[in-house]
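> build me a model from this:
(chains A and B)
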Amino acid sequence: MMSNLALKETVYSPDSQLRNPRLLVREMLADLMASRGLAWRLFVRNISAQYRQSLLGYLWAFLPPLFTMAVWVFLNEQNIINVEDPGIPDPVFVLTGTVLWQTFVDAINSPLKVVNESRGMLAKINFPREALILAGLGEVLFNFAIRVLLLVAIFTWFQIAVPATVPLVLPGVLALITLGLMFGILLTPLGVLYSDIGRGISIITGFWFFLTPVVYPMPKSGIAAEFAQLNPVTPVLITVREWLTLGRASQLTGFWIVSTVSVVFLLFGWLLYRIAMPHLIARMSA
Amino acid sequence: MSNDVLIKVDNVSKKFCRTLKRSLWYGVKDVVGEVFCRAGNQDDLRTGEFWSVKDVSFELKRGECLGLIGPNGAGKSTLLKMLNGLIKPDRGEIRMRGRVGALIELGAGFNPILTGRENIYVNGSVLGLRKKEIDRKLEAIIEFAEIEDALDTPVQNYSSGMKVRLGFAIAAQMEPDVLLIDEVLAVGDAGFQMKCFNKINEISQKAAVIFVSHSMHYVGRISSDVLLMGGGLTVYSGKSVQEGISRYFENFQNKQLLISGSGKAKLEHLQLSTNGNCDADDLLEIDYGDDLQVQMQLSIDNSVKQFRVSLAFFDRTMQIVAECSSLAATGKHFSDLQDMCLLQIVIPKMLLSNGVYSVTFSVTGVDGNDWGEVLLRCQNAKQIKVMGGFPMAFAPVQLPSNWLLN
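Residues are numbered from 1 along each chain as shown, chains lettered A, B, ... in the order given. Prediction:
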């Protein structure tokens, strides 16, 4: 007879998992480590399935920012809207902005999307739930990587020399993704229960786009400036774009504050996601 | 918790809500409650809630297999989900030891666009197998699923049986200490069901298994213990699997007399007896090996020239287990009829195993060469309860036999 003493014992009880925070943190870390292989599998599965049943394939990752750029450049040329000269050619400015914005929006949408797509699996199989978030994060990074090709192309076309700060762009983008992921994961528990959240996110991000200096430079005065000041995306997006194009950083303090806060809240969101999951599954149809 | 106990379930309860709006709102409250550490044993039901599982307790050791049975909505799947850690109990405590494998929904996580081969890796990872483990077991999985030809075809082109084959083949590669199985044998052809059953049997030698099924045939063969649930409660829990199964069938006892046929024959009187004792309340208790006497009075329509009568015995699962027929016994049909026929039937030596059987009889009129027309069919006309037979019987019939040891 095999000895059962060495076996790991798992206890399920109605008590809050927060009652034993040390065990909870240990389990969270263990599951995060254990979920890497599965996350990779799910990521590869999602990506390959996504583009296999499509004629245009990876082109779909390029199209939205390209169209946004085309529209804004057109409006600008026709002087329908007046924006200040950002210091680099308009198409480059608009395209870098929309690529970064799109990545931020992808990150917000990602957690709820992967969880909703995996309802069946969640309700039937006990696997480390972190894998879904990681797989979603992988997709966000993958789509960003594809769009980088677009940036490379337009930088070459306009013969723009990248500044020395360009290595900072990747960490900067990660900060932007962290910010988006934080919003996304905090909204996921409620979003799994109520579809209002998902709908709300898409409307709000649509508005948010216009309140953020994505396709226009940082406004200097007026209500737009106040909005831009309060908007947590502003410092991060502007800083990354400046690192990429101009080689300076005019909102570095804001960047650091937002990044730190979003890391803290992302960790809290992870905790919430984890302890909410059994309750969410209990309410899911199975 | 003693050393070899792998599953210990202690007074576990779970409540659910009938209306969706309320259910979702309670979900929000539960999450908030847990964040503020207010969660804990919850004894009272909120508006619209009911106990889906209530006060269930049991223990299971390695090498034991618990048959978890009960009618639909008894709480079996909810209990299984709690054991698997998918949802939390509202009361009580569950302790599980070792690696837990679950055959709950085969092929959950399959992506229809990807090929069978790709899905083996995805599904294997979901079940907690590492890439190296899957690499090593790939051949075994393909061989078990018998889908060599379709391996590089998208899974959306698989038949439902093929998907289940592949799903089971992957899941069967887990080497769990605890295995939870929820009605997975229902799909797949007879050959594959048998193969799966043997595999589960093999795993159950080395693990603690909980087996949920509506096929009592499989439950009876594989289980060492049985837990019968009904309406969330434990109805029966113990080592006597046969007892649990027969109580399971009590849920579906259709004791109602059903009469059909052309109406050209009418039952005037029916009585079962043994050793001079008659049936009471339509139930006759009879000892194994005793004679069964049946007395039947029929009024037959004038137009009927010839007829035959047959008796059939059904067990609790409504499977026919024995029959006898006037045609088989006498070699001819009854003719020269009067308005009222009194039939006396003796069935010597009751060979059925212990249990309750329902008696159905039919009267068939014959005209010329054809098979005839059913004049009267009485389903559940009477019941007999056989007692005093071999207590460890599995089959419905115990043949008398002589044994000699040289």
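> now the residue in the stretch 201-350 of chain B positioned nearest to chain A: how far from residue B:96?
Across the stretch 201-350 of chain B, the shortest distance to chain A (CB to the nearest CB) belongs to residue B:206, at 7.9 Å. Every residue, glycine included, has its C-beta placed from N, CA and C. Taking CB to CB, to the nearest Å as the measure, residue B:206 falls 16 Å from residue B:96.
> show me where pLDDT drops low in chain A?
A:1-5, A:80-84, A:285-286 (pLDDT under 70).
> so the residue lying farthest from the centre of chain B, which state does it fall into?
Farthest-out residue of chain B from its mean C-alpha position, per CA atoms, centre = their mean: residue B:336, at 47.2 Å. Recorded secondary structure, residue B:336: coil (DSSP: H, G, I helix; E, B strand; the rest coil).
> quick check: beta-bridge partners of residue B:61?
Beta bridges link residue B:61 to residue B:5 when assigned by DSSP bridges.
> closest to the centroid, which residue in chain A?
Judging by CA atoms, centre = their mean, chain A has its centre closest to residue A:107, at 1.6 Å.
> now do the helix or strand it falls within: which elements does it pack against?
With secondary structure defined by DSSP states H and E, residue A:107 is part of helix A:90-117. Contacts defined by 3 or more CB pairs under 8 Å, 6 or more residues apart in numbering or on different chains; DSSP states H and E place helix A:90-117 against helix A:59-77, helix A:130-157, helix A:169-193, helix A:195-211, helix A:233-245.
> can I get the last one in CSV? Just the C-alpha atoms.
Which is helix A:233-245. Taking C-alpha atoms only, helix A:233-245 is exported to CSV below (Å, rounded to 0.1, in the frame of the first residue of the first chain):
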residue,chain,number,x,y,z
VAL,A,233,-3.9,56.8,-19.6
THR,A,234,-2.5,60.2,-20.6
PRO,A,235,0.9,60.1,-18.8
VAL,A,236,1.6,56.5,-19.8
LEU,A,237,0.6,56.8,-23.4
ILE,A,238,2.3,60.1,-23.9
THR,A,239,5.5,59.0,-22.2
VAL,A,240,5.8,55.8,-24.3
ARG,A,241,5.1,57.8,-27.5
GLU,A,242,7.7,60.3,-26.6
TRP,A,243,10.3,57.6,-25.8
LEU,A,244,9.5,56.2,-29.2
THR,A,245,9.5,59.4,-31.3
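> angle of that helix against helix A:130-157?
50 degrees (axes from the mean of the first three to the mean of the last three CA atoms, to 10 degrees).
> name the helices or strands packed onto the following helix or strand past helix A:233-245?
Following helix A:233-245 in sequence order, the next helix or strand is helix A:252-283 (DSSP H and E). For helix A:252-283, the elements it packs on are helix A:21-52, helix A:119-124, helix A:130-157, helix A:169-193, helix A:233-245, helix B:20-35, judged by 3+ CB pairs under 8 Å, 6+ apart.
> ok, now which ones touch residue B:366?
By CB atoms under 8 Å, 6 or more residues apart in numbering or on different chains, the contact list for residue B:366 reads B:305, B:306, B:307, B:308, B:333, B:372.
> now stretch B:394-406: mean pLDDT?
Stretch B:394-406 shows a mean pLDDT of 90.
> who's in contact with it?
Stretch B:394-406 is contacted by residues B:220, B:288-289, B:315, B:319, B:321-322, B:349, B:351-353, B:355, B:389-390 when judged by CB under 8 Å, 6+ apart.
> follow-up on the earlier one: which residues does the closest residue to the residue nearest to the centre of chain A other than its chain neighbours contact?
Spatial nearest neighbour of residue A:107, excluding adjacent residues (CB to CB, 6 or more residues apart in numbering or on different chains): residue A:180 at 2.7 Å. Counting by CB under 8 Å, 6+ apart, residue A:180 touches A:103, A:104, A:105, A:106, A:107, A:108, A:110, A:140.
> tell me how many other residues crowd the residue of the stretch 151-300 of chain B found nearest chain A.
Across the stretch 151-300 of chain B, no residue is closer to chain A than residue B:177, which sits at 6.1 Å (CB to the nearest CB). Burial of residue B:177 is recorded as 20 neighbouring residues (other CB atoms under 10 Å in any protein chain shown).
> ramachandran angles for it?
Phi and psi for residue B:177, reported as degrees, to the nearest 10, are phi -90, psi -30.
> quick one on the thing from earlier: can you tell me how far the residue of the stretch 201-350 of chain B closest to chain A sits from residue A:259?
Residue B:206 is 51 Å from residue A:259, by CB to CB.
> what do you get for residue B:174?
For residue B:174 relative to residue A:259 (CB to CB), the value is 42 Å.
> what's the answer for residue B:24, then?
Residue B:24 is 34 Å from residue A:259, where distance means CB to CB.
> same question, residue B:14
From residue B:14 to residue A:259 the distance is 42 Å (CB to CB).
> go on, residue B:348?
Taking CB to CB, one finds residue B:348 at 92 Å from residue A:259.
> if we can go back for a sec, report the buried residues of the helix holding residue A:107.
Across helix A:90-117, burial judged by 16 or more other CB atoms under 10 Å in any protein chain shown covers A:90-115.
> that helix to helix A:233-245, inter-axis angle?
130 degrees.
> what number of residues lie near the residue of the stretch 201-350 of chain B closest to chain A?
Residues near residue B:206, counting by other CB under 10 Å: 14.
> before we move on, what about the one 10 residues further on?
Counted by other CB under 10 Å, the residues lying close to residue B:216 total 21.
> report the contact partners of it.
Going by CB under 8 Å, 6+ apart, residue B:216 touches B:69, B:245, B:248, B:249, B:317.
> now do the contacts for the closest residue to chain B within the stretch 51-200 of chain A.
Per CB to the nearest CB, the residue of the stretch 51-200 of chain A with the smallest distance to chain B is residue A:124, at 4.2 Å. Residues counted as contacts of residue A:124 (CB under 8 Å, 6+ apart) are A:286, B:86, B:102, B:104, B:105, B:108.
> residue A:34 now?
Applying CB under 8 Å, 6+ apart, the residues contacting residue A:34 are residue A:128.
> go again using 10 Å as the cut-off
Residue A:34 makes contacts with A:27, A:127, A:128, A:130, A:131, B:128, B:130, as judged by CB atoms under 10 Å, 6 or more residues apart in numbering or on different chains.
> what of residue A:24?
A:16, A:17, A:18, A:271, A:274, A:275.
> tell me the one of these nearest residue B:50?
Nearest to residue B:50, judged by CB to CB, of the contacts of residue A:24 is residue A:16 at 23.7 Å.
> my read is that that closest one contacts residue B:38, right?
Yes - at 7.2 Å, residue A:16 and residue B:38 qualify as touching, with contact defined as CB atoms under 10 Å.
> the more surrounded of those two?
Neighbour count, other CB under 10 Å: between residue A:16 and residue B:38, residue A:16 has more, with 18 against 11.
> so which of the helices and strands packed on helix A:90-117 is the most surrounded?
helix A:233-245 (a mean of 25; mean count of other CB atoms under 10 Å in any protein chain shown).
> to the chain's geometric centre, what's the distance from that helix?
15 Å (CA atoms, centre = their mean, to the nearest Å).
> and for stretch A:267-286?
Using CA atoms, centre = their mean, the offset of stretch A:267-286 from its chain centre is 20 Å.
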